[in-house]
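Chemist: Would you be able to build a 3D model of this:
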Amino acid sequence: MVRAMLDKQGKGLTDTARQRLMAAAEADDAGGAIEIDYYRPGVVGDEVWIAHYDVRAAMGGGQIPHDYPEMLQDVRVSPQHLREMGVEFKEHFHLKMVTGWGQSMAPTIKHRDPLLVDISIREFVGDGIYMFSWEGHLYIKRLQWLGDEQIRMISDNDRHPPQTIRADETFIQARVLLVWNAHLV
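Modeler: Numbering: from 1, shown residues only. I've put the predicted structure just below:
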């Protein structure tokens, strides 16, 4: 059945991909899982997998990050569609999903909203919302450059006043590109 499917609809596949599919179809795995390489860069315009990590970055008092974040689930999306929505990134394999935790960034980011971040951005590149560590905690906050190696850490929720922090004590992990939130209607 797989061979017939490949003959009919698999003409655009490489020989390696065809061989892997046939090997998987013919394997006696007693109902086990097929391993897939999710880290392989895809072709722009195709659907790609974005890893969703079990990382909670606080939008409040900070979270102590795990030493080794575990993958929770993946999201499949079209890079072209993301760009049409206004999301700017160089390579889709630098995109990851994390979860915002807390209320300090409301109403922009609500508690437990999934966030699309670019992990290739590891330094301040202009005012925006970043995922960063400071004083051993992981945060998602708006950062604004003040000069003299000072950064203003800003919460969108007025109940949380801004703080001035030192740039050399702030370790940017990613820039937040998109809040993947849903609004009840």
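
Chemist: Moving C-terminal from the helix or strand bottoming out on mean pLDDT in the chain, which element do we reach first?
Modeler: Ranked by mean pLDDT, DSSP states H and E, the weakest helix or strand in the chain is strand 71-77, scoring a mean of 67. With elements assigned by DSSP states H and E, the helix or strand that comes after strand 71-77 is helix 79-84.

Chemist: Just checking the distance from the helix or strand following that following helix to the centre of its chain.
Modeler: Next helix or strand after helix 79-84 toward the C-terminus (DSSP H and E): strand 95-101. Centroid separation for strand 95-101 versus its chain: 5 Å, with C-alpha atoms, centre = their mean, to the nearest Å.

Chemist: now strand 95-101: mean pLDDT?
Modeler: For strand 95-101, mean pLDDT rounds to 89.

Chemist: ok, now stretch 10-21?
Modeler: For stretch 10-21, mean pLDDT is 76.

Chemist: switch to numbering from 59
Modeler: Yes, from this point I'll number from 59; that puts the last item at stretch 68-79.

Chemist: in that stretch, what's buried?
Modeler: Neighbour counts over stretch 68-79 (16 or more other C-beta atoms under 10 Å) mark 68, 76, 79 as buried. For glycine as for every other residue, the C-beta is placed from the backbone atoms N, C-alpha and C.

Chemist: Could you list which of those residues belong to helices?
Modeler: Among those, the ones falling in helices (DSSP state H) are 76, 79.

Chemist: I'd like the buried residues of stretch 68-79 laid out as TSV, including distance to Ile167.
Modeler: Shown next, in TSV, are the buried residues of stretch 68-79 (distance: C-beta to C-beta, whole Å):
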residue	distance to Ile167
Gly68	42
Arg76	44
Leu79	41
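
Chemist: and which of the buried residues of stretch 68-79 is nearest to Ser213?
Modeler: Nearest to Ser213 among those: Leu79, at 49.4 Å, using C-beta to C-beta.

Chemist: Please, where are all the strands along the chain?
Modeler: For the chain, the strands defined by DSSP state E cover 106-116, 129-135, 153-159, 172-176, 186-192, 195-205, 208-212, 221-224, 228-237.
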